[in-house]
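In: mind folding the following:
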Amino acid sequence: MTEFVRRAPLAEMSGKKMLTSMLDAWIDYAWQHPDYIKFILLFDLHYEAYDSNQELKEQYNNFVSREKERHFLMDALEAGFQDGSLKSDTEPLKTAHFIFTSMMGILQKMSLTSKDDWNNELDDIEIANRFAGMLIQYLSPESDKSPTF
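Out: You can find the predicted model right below:
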């Protein structure tokens, strides 16, 4: 999933356009692969619910820590801060984590919608697109001052 999202932007795009294309690709990926999104949800719930052995816990924590430090949204955010298409942020890693956590929540909810219910599926995609637009609007330099994530 992260590689699919990471490959979405073109090098010549502004940081804002890079981030927008990544969020759009993420929504598209979730729509095309709801079972993968469900798997992530179920894995996270299962992992938290049951006491795993120490070796597995260490592997999992190391993986999560590594991915958080090399967050796949950081290149787009940093490019946007540098080119002025996104407002400057003193804690870009926290912003990346906020975007990831909130997008996964919306996409996980979307993945649980029955494919038999086309109207709800379209509503979920619209909600995800609207949320992505709100994130971009908030991060744009033209937006009003708002509390930080």
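In: let me know the pLDDT of residue 120.
Out: pLDDT for residue 120: 65.
In: what about residue 16, distance to residue 51?
Out: 44 Å (Cβ to Cβ, to the nearest Å). In this view, the C-beta of every residue, glycine as well, is placed from N, C-alpha and C.
In: oops, could you answer that again for residue 5 instead?
Out: 32 Å.
In: which residues touch the nearest residue to residue 71 once chain neighbours are set aside?
Out: Nearest non-adjacent residue to residue 71, counting by Cβ to Cβ, 6 or more residues apart in numbering: residue 96, 4.2 Å away. Applying Cβ atoms under 8 Å, 6 or more residues apart in numbering to residue 96 gives the contacts 71, 73-74, 77.
In: this structure: helices as residue ranges?
Out: 2-6, 15-32, 34-49, 54-69, 74-83, 92-111, 118-139 (DSSP state H).
In: return the member of those having the minimum mean pLDDT.
Out: helix 54-69 - the lowest mean pLDDT of the helices of the chain, at a mean of 72.
In: relative to residue 2, how far out is the residue most central in space within the chain?
Out: Centroid check for the chain by Cα atoms, centre = their mean gives residue 100 as the closest residue, at 3.3 Å. Residue 100 sits 9 Å away from residue 2 when distances are taken as Cβ to Cβ.
In: then residue 32?
Out: 15 Å.
In: who has more neighbours, those two?
Out: residue 2 (14 against 9; other Cβ atoms under 10 Å).
In: separation between that one and residue 103?
Out: Residue 2 is 12 Å from residue 103, by Cβ to Cβ.
In: grab the nearest non-local neighbour of residue 109.
Out: That would be residue 124: by Cβ to Cβ, 6+ apart, it lies 6.9 Å from residue 109.
In: who's in contact with that neighbour?
Out: Taking Cβ under 8 Å, 6+ apart as the test, what residue 124 contacts is 109-110, 113.
In: okay, now the closest residue to residue 125 other than its chain neighbours: neighbour count?
Out: Closest residue to residue 125 apart from its sequence neighbours, by Cβ to Cβ, 6+ apart: residue 31 at 6.1 Å. Residue 31: 16 surrounding residues under other Cβ under 10 Å.
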